[in-house]
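Colleague: no FASTA, just this:
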């Protein structure tokens, strides 16, 4: 037979599990076994999440600064095991403060953060993709928009808080540098 302390620990574990399951149910969280979130999330979802986390940061929006732009591109290219290029958004009024390495569903990902003179930010997310090519799609979340596409097994997504048409124009221009022009818009 079990000792009293063992029964108490077992009862506590069962209670904690039941309470957690009940809270998850109230919050609308699925409690059945499912694939890890990173495997379920699209590149647009990953990019949007990274944007939500890092764009509001005032002190540390990037992990590595673009003081030496070539160094950050080389570093992130090595981490993604693929040569990257960083498009300039100066014609749109955005400078590149830097970037960071992030986890992605298919391995390491990179995020390049851009900022205009008023402090508004755009983020370009780059990650290996399982598809050779996909057309550009838009993800709308509140006041945020993320345009995503894949080319040559490289997924790209541009996220920001701006008029959808303007962000779309920038995304089309950006396509030519990191991943090539994708198929027509869907």
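Modeller: Yep, it's here. Note that the coordinates shown come from a computational prediction; the quantities given were computed from them, not determined experimentally.

Colleague: contacts for the strand or helix carrying residue 167?
Modeller: Following DSSP states H and E, one finds residue 167 within helix 164-175. With CB atoms under 8 Å, 6 or more residues apart in numbering as the test, helix 164-175 has contacts from 87, 89, 92, 122, 124, 136, 138, 140, 145, 147, 149, 151, 156, 158, 160, 181-182, 185. Heads up, the C-betas are built off the backbone N, CA and C, glycines and all.

Colleague: in contact with residue 95, which residues are there?
Modeller: Applying CB under 8 Å, 6+ apart, the residues near residue 95 are 89, 114-116.

Colleague: what is the mean pLDDT for stretch 75-90?
Modeller: Stretch 75-90 shows a mean pLDDT of 86.

Colleague: before we move on, what about stretch 149-167?
Modeller: 91.

Colleague: mind checking the end-to-end distance for it?
Modeller: Using CA to CA, to the nearest Å, the end-to-end distance of stretch 149-167 comes to 14 Å.

Colleague: ok so, going back, give me the buried positions along the helix holding residue 167.
Modeller: Within helix 164-175, the residues that count as buried by 16 or more other CB atoms under 10 Å are 167-168, 170-175.

Colleague: what does stretch 94-104 give?
Modeller: Neighbour-count burial for stretch 94-104, counted by 16+ other CB under 10 Å, picks out 94, 96-102, 104.

Colleague: pLDDT and distance to residue 45 added to these, as JSON lines?
Modeller: Formatted as JSON lines, those follow (pLDDT from 0 to 100; distance: CB to CB, whole Å):
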{"residue": "94", "pLDDT": "94", "distance to residue 45": "23"}
{"residue": "96", "pLDDT": "88", "distance to residue 45": "24"}
{"residue": "97", "pLDDT": "85", "distance to residue 45": "24"}
{"residue": "98", "pLDDT": "84", "distance to residue 45": "23"}
{"residue": "99", "pLDDT": "87", "distance to residue 45": "19"}
{"residue": "100", "pLDDT": "87", "distance to residue 45": "18"}
{"residue": "101", "pLDDT": "86", "distance to residue 45": "18"}
{"residue": "102", "pLDDT": "87", "distance to residue 45": "13"}
{"residue": "104", "pLDDT": "84", "distance to residue 45": "11"}
